[in-house]
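**Q** please find the sequence and the predicted model below.
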Amino acid sequence: MEATRMNELKTEVAGKAGRITLDRPKALNALSLGMIRELTATLLAWRNDPRVEVVTIRGAGKEGPFGAFCAGGDIRFFHAAALAGNPQLEDFFTEEYTLNHLVHHYPKPYVAFMDGIVMGGGMGISQGARCRIVSERTKMAMPETGIGLFPDVGGGYFLSRCPGRLGEYLALTGEVIAAADAVDARLADVAVPSADLPSLWDRLAGEGPAAVPTPQRVEGSRLADHRPEIDEVFALGSVREIVAALEAGGSEWAGHTAAVLRRRSPLMLHVVLEQVRRARGLGLADDLRMERDLVRHCFHLRPGASETVEGVRALAIDKDHSPRWNPARIEDVTPEMVEPFFRSPWPAHAHPLRGLD
């Protein structure tokens, strides 16, 4: 067994497996630029390494090697870098999305142990896996509209390919889902009891690709219970229509969902609905290029009035949980505010992700 421990990442070749452990448990393994670079370098090195027949990735929890996968990108870094004009903010997203593309197209089986929290950037390094494993501890979400952002890291691509209108629902609300929901939404392949994860981790090292679990159906999905309502309401043409239908709906679920949407960034709700619907017709590389345009605009389109900077401030910096969204109401967002987000700031030949195919 050959192990390498970097600052926030542990890698080793054990038996037939290249094993990666995200090791920043106090931050719920939120991805730093250094972690993204280390992950990319490791996967590139193992791509042609004959010893590595399968790649496994997990997150270290506070209590041990499992229990928390990855809570997303380092949003405190986003906030500080945006205010300081730090060019590493641009590097972060370009390199993260390139890593997401690498995971989706990795030539060897890549198995993600999505135990505990799996959000944002954690979805980006797991949704492209050959096998996505969840447990009863899984808490999965793309909660970006709550911080004035959008579900990036390929979120437009993988959410738009969920059954029915689950993609719009999950992208707009940012609701947290459990293991059975994740399998039902095609965002996970198999549910494994958390107590069995260590033995499966070791079995993959011993047996290689032969030990990769096969997809399975799971009972007990809360999303399945609400699919008729979700598919009807979230197929409507605009955020305004969706919220109006929910507020007129009368059910407890509709009232809860409407209240959730009223707390999200009104501007970004409109951007996200357009993002998911455009992404349905895009391949992964084109979706990631669109998202790279979007994230650039989130920080630079409205100087001094970034929804993302304000959303992160309210959640993680001042922690007052009272973001001052602009516009403040869903009804006040116009198409003229949304359309510029979808204009690329780069010509095609100079796009940061022009090399993706």
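**A** The structure has been received and is ready for your questions.

**Q** okay, CA-based contacts and neighbour counts for the rest of this
**A** OK.

**Q** ok, the most centrally placed residue in the chain - contacts?
**A** Among the residues of the chain, the one closest to the centroid is residue 120, at 3.0 Å (C-alpha atoms, centre = their mean). By C-alpha atoms under 8 Å, 6 or more residues apart in numbering, residue 120 lies in contact with 71-73, 141-144, 151-153.

**Q** what subset of those residues is buried?
**A** By neighbour count, with 16 or more other C-alpha atoms under 10 Å, the contacts of residue 120 hold 71-73, 141-144, 151-153 as buried.

**Q** closest one of those residues to residue 85?
**A** Of all those, residue 85 sits closest to residue 73, with 18.0 Å by C-alpha to C-alpha.

**Q** name the nearest residue to that closest one, ignoring sequence neighbours.
**A** In space, and not counting its chain neighbours, residue 73 is closest to residue 31: 4.6 Å by C-alpha to C-alpha, 6 or more residues apart in numbering.

**Q** any idea how far residue 245 is from the residue nearest to the centre of the chain?
**A** Using C-alpha to C-alpha, to the nearest Å, residue 120 is found at 28 Å from residue 245.

**Q** out of the contacts of residue 120, which are inside helices?
**A** Counting by DSSP state H, none of the members of the contacts of residue 120 fall within helices.

**Q** could you export these as JSON lines, including pLDDT and distance to residue 309?
**A** Shown next, in JSON lines, are these (pLDDT from 0 to 100; distance: C-alpha to C-alpha, whole Å):
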{"residue": "71", "pLDDT": "95", "distance to residue 309": "18"}
{"residue": "72", "pLDDT": "91", "distance to residue 309": "16"}
{"residue": "73", "pLDDT": "89", "distance to residue 309": "14"}
{"residue": "141", "pLDDT": "98", "distance to residue 309": "20"}
{"residue": "142", "pLDDT": "98", "distance to residue 309": "18"}
{"residue": "143", "pLDDT": "97", "distance to residue 309": "15"}
{"residue": "144", "pLDDT": "97", "distance to residue 309": "12"}
{"residue": "151", "pLDDT": "98", "distance to residue 309": "16"}
{"residue": "152", "pLDDT": "98", "distance to residue 309": "16"}
{"residue": "153", "pLDDT": "98", "distance to residue 309": "18"}
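
**Q** could you export these to CSV, including columns for distance to residue 250?
**A** Output for these, formatted as CSV (distance: C-alpha to C-alpha, whole Å):
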residue, distance to residue 250
71, 34
72, 34
73, 37
141, 26
142, 26
143, 25
144, 27
151, 29
152, 32
153, 35
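
**Q** output the below-cut-off pLDDT ranges for this structure.
**A** For the chain, applying pLDDT under 70 flags the ranges 1-6.

**Q** residue contacts, residue 203?
**A** Taking C-alpha under 8 Å, 6+ apart, we find residue 203 in contact with residue 211.

**Q** please identify the helix or strand for it.
**A** Using DSSP states H and E, residue 203 sits within helix 197-207.

**Q** buried ones in that helix?
**A** 197, 200-205.

**Q** I'd say the residue nearest to residue 73 and residue 123 touch.
**A** No - judged on C-alpha atoms under 8 Å, residue 31 makes no contact with residue 123 at a distance of 11.3 Å.

**Q** joint contacts of these two?
**A** Common neighbours of residue 31 and residue 123 (C-alpha under 8 Å, 6+ apart) are residue 72.
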